[in-house]
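generate a structure from the sequence data that follows.
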Amino acid sequence: MALLNYRHYANELPRYGLAVVFAWFGIDKFLIHQYYVSWFSATKSIMILLPFQDISMSVYSIGIVEISLSALLFLGIRIRVVALVVMAFLATILITAKYPSSFPQDIGLIGIALMLVMSYISNKNKRQENRFRYSRIVTYSISLVLVLWAADYFLNYERHAGWIHLFSPIFSNLGTNEALYLIVIVGVLEVLLAIFLIIGERIKNKYPFVATVVFLIFAAITLDPPINNHQTIGLAIASFWLGYRYCANNMSQIN
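Coordinates of the predicted model:
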């Protein structure tokens, strides 16, 4: 029974990861409220969509919605509907906020939400099988995020060098040239990881996903929030799950 419970919670990791991200989103609207008020005020396309003329009240209301979505995800209530709302919410951010205010990580989260929608469409008794079946959506979404990160590093390396100096607790003391070298190395590594993820998906190997988890956790701690955003944590949890599914398949075959 304990093993079955363990597998049940492990199979729900993508959902929990998405819930963690939205909980963090919502809580941040209260903890660093003024940051979001300033950001929304400076982004005209977002201003049009705000529910209230009072920007501060809009930030609070959005935070409440995000926390509510997180709670529904954690509790497993109406997952298909909630995941569709999450996809619409993230797509709206991508379209209205635009880059760099909107981060490529949102694409990875949309992939996770889409996988949840697809896995909940058919027979509820086969949701685990469906989740494994549609897991490629998550793999390709995370691979796309890595490629977009790398492309942005190469195209906007000066801005990223500035971010490293301003917001990195680890690399803030690097010289300009050293920061540029670091950006190039990280960009190349991201492209390689994206390639290895796709290869790992095809040959059913867990190690590319394990390497991606390590990289994403490293990425999450090298920049102070909210610059790194919190989507990276959700992508790391989903990558862990992608590696776990092959371990789970091997265990079931042995049993």
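
now tell me which helix or strand of this protein has the poorest mean pLDDT.
helix 2-11 (a mean of 66; mean pLDDT, DSSP states H and E).

what's the first helix or strand after that helix?
helix 13-31 (DSSP states H and E).

starting at the chain centroid, how far to that next one?
10 Å (Cα atoms, centre = their mean, to the nearest Å).

so what does that helix touch, helix or strand wise?
Helix 13-31 sits against helix 33-42, helix 55-75, helix 79-97, helix 105-119, helix 231-254, with contacts defined as 3 or more Cβ pairs under 8 Å, 6 or more residues apart in numbering; DSSP states H and E. C-betas here are computed from N, CA, C, even on glycine.

per-residue pLDDT, M251?
pLDDT for M251: 44.

actually M115, not the one I wrote
93.

low-confidence ranges, the protein, go.
1-6, 98-102, 122-130, 165-167, 223-229, 248-255 (pLDDT under 70).

longest helix anywhere in it?
helix 176-203 (DSSP state H).

just the CA trace of stretch 140-154, in CSV.
The C-alpha coordinates for stretch 140-154 follow below in CSV (Å, rounded to 0.1, in the frame of the first residue of the first chain):
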residue,chain,number,x,y,z
TYR,A,140,9.4,19.2,-26.1
SER,A,141,8.1,22.2,-24.2
ILE,A,142,11.1,22.2,-21.8
SER,A,143,13.4,21.7,-24.8
LEU,A,144,11.9,24.7,-26.5
VAL,A,145,12.4,26.8,-23.3
LEU,A,146,16.1,25.8,-23.2
VAL,A,147,16.6,26.7,-26.9
LEU,A,148,14.9,30.1,-26.4
TRP,A,149,17.0,30.8,-23.4
ALA,A,150,20.2,30.0,-25.3
ALA,A,151,19.1,32.1,-28.3
ASP,A,152,18.3,35.0,-26.0
TYR,A,153,21.7,34.7,-24.3
PHE,A,154,23.5,34.9,-27.7
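
how far away is the closest residue to L116 other than its chain neighbours from I77?
Nearest residue to L116 in three dimensions, chain neighbours excluded: A83, at 4.1 Å (Cβ to Cβ, 6 or more residues apart in numbering). Spatial separation of A83 from I77 under the definition Cβ to Cβ, to the nearest Å is 11 Å.

the two - which one has more neighbours?
Between A83 and I77, counted using other Cβ atoms under 10 Å, A83 has the larger neighbour count: 26 against 10.

returning to that earlier point: so which of the helices and strands packed on helix 13-31 is the most surrounded?
Among those, helix 105-119 has the highest mean neighbour count (mean count of other Cβ atoms under 10 Å), at a mean of 24.
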